[in-house]
Every structure is written in C-alpha cells, then in structure tokens.
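Just to be clear, the model below is a prediction. Sequence and coordinates:
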Amino acid sequence: MTFQIRTPAARLPRIAHLVDDTTPGGVSRYLAFIAADTGMAALGTHRIVPVPRSRPASVSVEADIIVSHLTITWRGLPGLMALRARHAGTPLIHVEHSYCEGFVAANVRARRRFLTLLRAGYALFDRVAAVSAEQAGWMDRHGLVAPGVLSVVPPSVDFAPFRAVDAAADPARTFALIGRLDRQKGFDVAIAAFRAVEGPDLRLKIFGEGPEGAALRALAAGDARITFEGHAPAPNAAYAAADVVLMPSRWEPFGLVAREALVAGRRLVVSATDGLRGPLGPGATRVAGLSVGQWSEAIAGLAQSHSVATSDTDTDTGGGAGAEPEVATRDGWAVLLAGLWQSAPVPSDMLPVDVLPA
Amino acid sequence: MPQASIIVPAYNAAGTIGVTLRSLCAQTHADFEIVVVDDGATDRTAAVVRGIGDRRIRLVQQPNRGLAGARNSGIAAARGEFIGFCDADDLWRPAKLARHVEHLTAAPEVGLSYSGSELIDEVGRPLGLAQKPRLSGVTAAHLFRRNPVGNGSAPVMRRAALDAIAWRPAGESLRDWWFDESFRQSEDVECWLRLMLTTDWEVAGIPGLLTRYRIAGGGLSAGTARQYESWERMVAKLTPVAPAFFARNTPAARAYQLRYLARRAVSAGDGRRALALSARAMAASRRPLAEEPVKTLATLAASAVVAVTGGLPRFAQATHRPKGA
C-alpha cells in the first residue's frame, strides 16, 4: 500500500500577502522587505496582492498560505469571513499591524465590544502574528487568540541604507521627529518640550506629513529652530540629518522608526508604550510619561552631555536588539511557516476542527 | 506566596492603626499579608504594629516620603497577585478582601476593583453618611469628573495592572514608582486616571459599603487652595497623554472639583471661601448643575448660609478634609 505524500521539502510554499493600504509607509516597506529579502525567499515565494479593504476575497489568489496585513474592522469582518470561506483549506495568517493596548486606551470607548471584534476577526485565522512581544502579551491577557495560534514576528525593512549613515554628533545638536503627523505620534509633546529647552544652536527637524500638520506648525510657530521638512527624499535621509530621534508615541504596536534609528547609530528617546516597552538597546532612553517637563529634561540631557560610554560601546554602537533586526523577522517567519506548511497539504476535509471557520 | 497584599501607609498613626490592623486581620479571606509602611513616623506607630503580634503583618520602615511614597514602598514589598490599600485610620469590613478577590477573579479585564464607603467620625461612630459611587460602565471621563473610587482605602488592584503603569524616574535608585511621589495631594486620582488613559485595564466597583472611611475633624479651608493647585497640576501633567479627552472633560471636571472644595470650605466654616469656590465652579461649567442639581444648589445655599451665619448644623457637614493633606 502506498501513500502519496506531498512533502514540504518538495517545493517552497507560495505565500500571498494581502494588503489594502499601498500608501508609502511602514507596512508597504515591510512588504517590500518580505518580497526582496533573500532570507525570506528561502522560506517561500512571496507575492504582494493589493485587495479592496472590505472585499479581500474578491481578488483571485493562488497560494499555499495567505497572509492578511489588513486592518480588522466591523465593516471588514464579512469580507474576512468570505476570504476564510473561499480558502477553507488554505492556512490563513493575520499580521496585526494596527491594534495594541495603547491604541485601545487612546481610541476605544466601547472596549468590550472592540475586543469582541478582535476575537471574532482573529478566530478566522489559523495563526495570528503579533509584531512585538508586548502586543502579544496584551492579546494573550484578553484571550483574543486561541492557545497555540499566537506568535511574534517583528517586522523589518531593508536596513542596509540605515547602516550606511554617518556617525551622529555628540553631544546632540539636531533632534528629529520622523513619521506621519498624526495624533498617535505625540509630536505635539516633543515640540512643546523642545521649545522649553534653551540653546540657539539646537534644531528640531520634523519629517513627514499628515492630518496634524497645521496644528503642529502652529505649535512650533515663533521658534525658528524648528523646521518642517516634509517627506524625506530617502528613508535614511531623515536619520542622516539628525543626532537624536524622538518618539513620544501615544501608542505603537511595534515602532519601526526606533529600530531604524538604532541601526543608523542614532540615539533614541521613546515613550514607554506598547512595543517600545521592550528591550531596544543601549542607544535608547525611555521616558515614562508624556509630560512636557519629562521630555524637556530628556532633550536637555542629550544636548548637554556626551553619551555615557558603556563597556560594550565599542563592539555594538547600534545597540543589542537593534543591530540585526532582520534576523528576528526571518526567524519569526520560519517558525510560523514551519508549523503551517507541514500541515498545509492535508486535504481540507481532514483539517482539524479548530482551523475551520467558526 | 500570599494571594493578596493589603498595604497600610502609616505616618504618626499610633492612635488609630491598631484598630485599622485589627479590622484587616479579621478579613474572612484566608490568604493574604498586610504590609505596613512606617513612613518615618515619630510616634509609637511601629511599636503598635509590632504589638499586634499577627504573623501576617510585615513592617517596612523608611524615612518620610509622603503618602504616595509609602504606598509605592508597600507595592514594592508586596507579594500578592491582588493589592489593596487601607490608610492607617480607616477600617475594612470583614468581607471586603474576599469580595474584591472574587470580583477580580471573575472579571479578568478589571484592573482596579472598588466599593462604596461608610463615613465614620474620629472615634469610629458612623456619621450616617456614605460614598455610594457608580459601580459599572466606568470610563476615564467618569473617573476624572466624579472619581467613583472615592478614597484611598477603597481600591483593591491587580498587580499586573499596577505594573503596567510603573516607572523608574531619574534619580530613583531603590524601586519603581506607581503613584507619583511629586504629588502630595490628588496622587490617587492621578494614578487611577493614568491607568485608564494609558492602559486598557478596566475600573469597576462592587456593591456594599465595604470601607469605613474616617473623617478627620476641624478641616482647614486654607488647604483647599493647595489641593486645587495639585488637582490642576495633575490635569497639566496628564493632558499631553490625551489632549482631546482633556479638552472635552476638563471644564466639567474642574467645576466638580471646585464644588467639592466649596463643600469642604463649608465644613470648615469658611463661608466666604466657600462662596468664592462655588462661583468659580459655576463659571467653569454648568454640568454639575445640570447633572446633580440638588447637590449643586445645596452647596451654593450652604456656602451662602455659612458666609452669613458662620456655621452649619452638623448633619449638613458631608464633606471632609482628606487625610494626608
């Protein structure tokens, strides 16, 4: 008697990454990394598939594994159910780019209802990938995902241009805010804090555009040291132009800018929220709250004193966790896919109950 | 490892802490410890604590750091999964800890569980007054305006929720802070509000007047200015965390805070200050008048009466001087 077994070694899985937001930003650059990185190519054949947000199943997808990078919403839930139904035998992975504890604290009034949405959404997937251990801890605390479904895969981008950036000045003269001008990023706090720090040769450069642009310009008005630079011509240009990167984020599931800053050898000041609470490396300082006084103190401290030399400064200026972020990304995907690709060839009528749609 | 810890911050509390500790030792819940933090007391506080002779009591002694600093040292020393607070002159009803542990166990999303309080006088007699706060559906806006948690001897918190708001300020080498020790007043509402604005732990109450909260007599209305100052400092500190929330809620919350201080000035017999505070409350927002017309008008009337006659009958003295002030 012979069995026909399709082994994982026979070929790499075809992996379709569904995305509804193709504007340039963290998710797009992460997907570009996935598509181009040789380490990721060793794990599967990746294809980026733009889909409409509410009807992801309307696009025809030929794949062994489907990864959703979509944002879960009530309006989008029927579309995800359709996706699940259309690909009943295909392992589905959801990467949670949007939500985290700080997001809920800052934005959600009907918290139980919102967590119900997430539970319902995540239940449609065979695996849910958190972008940070802190986000995973939050999901676990609220029982948002079934046991064995959750894993942590920190995102990466092509970090090579950031490694090529020249060394920063020390003590710091130029501070940067990098990212979308959105309430989430807390740039209002940094502007107010910077204004309170004396030093005619200090600069605060703000890279990015967004809905808070006008309000932030009004906050900065009258302090000629603060300039709005718009989008940086290249992702690494903003870091090259600054000595310190400030991240007073109100929520941040992962915090890509923090990793880019450390890889670029920039010192970094972050708020203690979500994905920024974990270990970042010796170049990073964490400010506990968002009070203007605390941030002024941190800025003044970096402007006045040379960075503290630690015993491993000479070997690892980029900082422990920040030095090779791609490794954690590839490892995370390897673990995640290994569990799914081995079980993927099982015919759909033999799938265990818990991977079928609820 | 005890399941729960009750933290008792104590500063010169020799006169009351014995009764407090006996009420805690009488808890029906089986598995707990009591951490008394002697915050640099210069009286016999420590001797009284040792004299109780209950092995569940641990005494931590430190140079004076204030109420927030004493609570923080208590949290640092506590080993329980659930952490309650009881000031050194308040009392817990015997079932209080058991009820909160039950609540927190059944509702894993709740980080802070509280109950109402019965008010007692200096010798422990009921004043016939109670704090009966809203118990469910508590949002950050409720907490900011009306502080349903009520007083520092009402809450039992989950350790995990406390640790979500812990931080280590520059210059602090001993342990983390949970309460902000730069505050001498408003430190508890600052802590609860920070919990609600920066984490998704819920705040919820259970029925019953499980705390017996002692009203210190002879409040000085001069303290109201300082207390208002620290309340405004709290608002200034937390506003950057959630600017839109504070823009929406601060006027009404400020009116409630000023009305509360006006009632305290009434209790202290300072009618002129009470009237001034009432007027400022009305100027800040009419929300208290719309939401609680009787209490708001009564405050105005009482302020006027005291301003004219210099006193109120005792039954009307429903407000109090916060302890540790």
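Looks like it came in fine.

can we go C-alpha only for contacts and neighbour counts from here?
OK.

Give the residue spans of the chain that score low on pLDDT.
I'll assume chain A. Residue ranges of chain A with pLDDT under 70: A:1-10, A:306-323, A:343-358.

My question was about chain B, not that one.
Counting by pLDDT under 70, the low-confidence segments of chain B come to B:217-222, B:310-325.

could you point out the longest helix in it?
Looking across chain B with DSSP state H, the single longest helix is helix B:243-267.

Ok, chain A next?
Identified as the longest helix of chain A according to DSSP H is helix A:325-343.

Report all helices and strands that that one contacts.
Applying 3 or more C-alpha pairs under 8 Å, 6 or more residues apart in numbering or on different chains; DSSP states H and E, one finds that helix A:325-343 contacts helix A:38-41, strand A:150-152.

quick one: which of the ones you listed is nearest residue B:3?
strand A:150-152 (28.8 Å; C-alpha to C-alpha).

so what does that closest one touch, helix or strand wise?
Where contact means 3+ C-alpha pairs under 8 Å, 6+ apart, strand A:150-152 is packed against strand A:127-130, helix A:133-141, helix A:325-343.

Deepest-packed of these, please.
Across the helices and strands packed on strand A:150-152, averaging neighbours per residue (mean count of other C-alpha atoms under 10 Å in any protein chain shown) puts strand A:127-130 on top, at a mean of 26.

Tell me the secondary structure at residue B:33.
Put simply, residue B:33 is strand when judged by DSSP: H, G, I helix; E, B strand; the rest coil.

Any idea what it is bridged to?
Note on residue B:33: beta-bridge partners residue B:5, judged by DSSP bridges.

And for residue 142, the neighbour number?
Went with chain A since none was named. Neighbours of residue A:142 under the rule other C-alpha atoms under 10 Å in any protein chain shown: 16.

look at chain B instead
15.

All the helices of the stretch 51-200 of chain A, residue numbers only.
A:77-86, A:101-107, A:111-122, A:133-141, A:160-163, A:187-195 (DSSP state H, counting those that start in this stretch).

try chain B
Ranges of helices within chain B are B:17-25, B:45-52, B:66-77, B:96-106, B:140-146, B:159-164, B:187-198, B:223-238, B:243-267, B:271-284, B:287-291, B:293-309, based on DSSP H.

related to what we said a few turns ago, quick one: list the elements packing against the longest helix of chain B.
Using 3+ C-alpha pairs under 8 Å, 6+ apart, the elements in contact with helix B:243-267 are helix B:140-146, helix B:223-238, helix B:271-284, helix B:287-291, helix B:293-309.

partners of the top strand by length along chain B, with directions?
Ranked by number of residues, the top strand in chain B under DSSP state E is strand B:202-214. As defined by DSSP bridges, the strand partners of strand B:202-214 come to strand B:91-92 (antiparallel), strand B:110-120 (parallel).

Ok, which of the helices of the stretch 51-200 of chain A comes nearest residue B:8?
Going by C-alpha to C-alpha, the one of these nearest residue B:8 is helix A:133-141, 29.0 Å.

Let me see the residues that make contact with the closest one.
By C-alpha atoms under 8 Å, 6 or more residues apart in numbering or on different chains, the residues outside helix A:133-141 that reach it are A:100-101, A:130, A:145, A:150-152, A:253-254, A:274-275, A:277-278.

Would you mind checking those for buried ones?
A:100-101, A:130, A:145, A:150-152, A:253-254, A:274-275, A:277 (16 or more other C-alpha atoms under 10 Å in any protein chain shown).

Taking those residues together, which two end up most distant?
Using C-alpha to C-alpha, these span at most 21.8 Å, a distance reached by A:145 and A:277.

where's residue A:279, which helix or strand?
Residue A:279 belongs to no helix or strand when assigned by DSSP states H and E.

quick one: it and chain B, what's the gap?
Taking C-alpha to the nearest C-alpha, to the nearest Å as the measure, residue A:279 falls 15 Å from chain B.

Just say which of the helices of chain B is most tucked in.
helix B:66-77 (a mean of 24).

does chain A sit close to it?
No - using C-alpha under 8 Å from any C-alpha of the partner chain, helix B:66-77 stays clear of chain A, with a minimum separation of 16.0 Å.

who in the stretch 51-200 of chain A is up against chain B?
Checking the stretch 51-200 of chain A against chain B by C-alpha under 8 Å from any C-alpha, the hits are A:101-102, A:104-106, A:109, A:111, A:142, A:189.

Just name the closest of these to chain B, please.
residue A:105 (5.1 Å; C-alpha to the nearest C-alpha).

my guess is the closest one meets residue B:195, correct?
No - between residue A:105 and residue B:195 there is no contact under C-alpha atoms under 8 Å: 9.0 Å.

burial of the nearest residue to residue A:185 once chain neighbours are set aside, as a residue count?
Of all residues not flanking residue A:185 in the chain, residue A:249 sits nearest, at 4.2 Å (C-alpha to C-alpha, 6 or more residues apart in numbering or on different chains). A count of nearby residues for residue A:249, using other C-alpha under 10 Å, gives 24.

Could you pull up the residues touching residue A:249?
With C-alpha under 8 Å, 6+ apart, residue A:249 has these contacts: A:184-187, A:270-271, A:273.

swap in residue A:203?
Shown in contact with residue A:203 (C-alpha under 8 Å, 6+ apart): A:173-175, A:225-227.

and it, what are its phi and psi?
Main-chain torsions, residue A:203, degrees, to the nearest 10: phi -130, psi 150.

Check the spacing between it and residue B:186 real quick.
In this structure, residue A:203 and residue B:186 are 37 Å apart, going by C-alpha to C-alpha, to the nearest Å.

Residue A:28 is in what secondary structure piece?
Judged by DSSP H and E, residue A:28 forms part of helix A:26-36.

What lies in contact with that helix?
Helix A:26-36 has contacts (C-alpha under 8 Å, 6+ apart) with A:17, A:21-22, A:40-41, A:46-48, A:97, A:155-158, A:256.

Quick one: distance of it to the chain centre.
Counting by C-alpha atoms, centre = their mean, to the nearest Å, helix A:26-36 is centred 11 Å from the centre of its parent chain.

which non-adjacent residue is nearest residue B:200?
Per C-alpha to C-alpha, 6+ apart, closest to residue B:200 is residue A:105, 5.1 Å.

can you tell me which residues contact that neighbour?
Counting by C-alpha under 8 Å, 6+ apart, residue A:105 touches B:196-200.

what does residue B:9 give?
B:36-39, B:67, B:70-71, B:74, B:86-88.

Can you give me the distance of it to residue B:197?
Applying C-alpha to C-alpha to residue B:9 and residue B:197 gives a distance of 26 Å.

Please enumerate the helices of the stretch 201-350 of chain A.
A:213-220, A:237-240, A:256-263, A:292-304, A:325-343.

Ok, which of these comes nearest residue B:48?
helix A:292-304 (40.6 Å).

Many thanks, have a good one.
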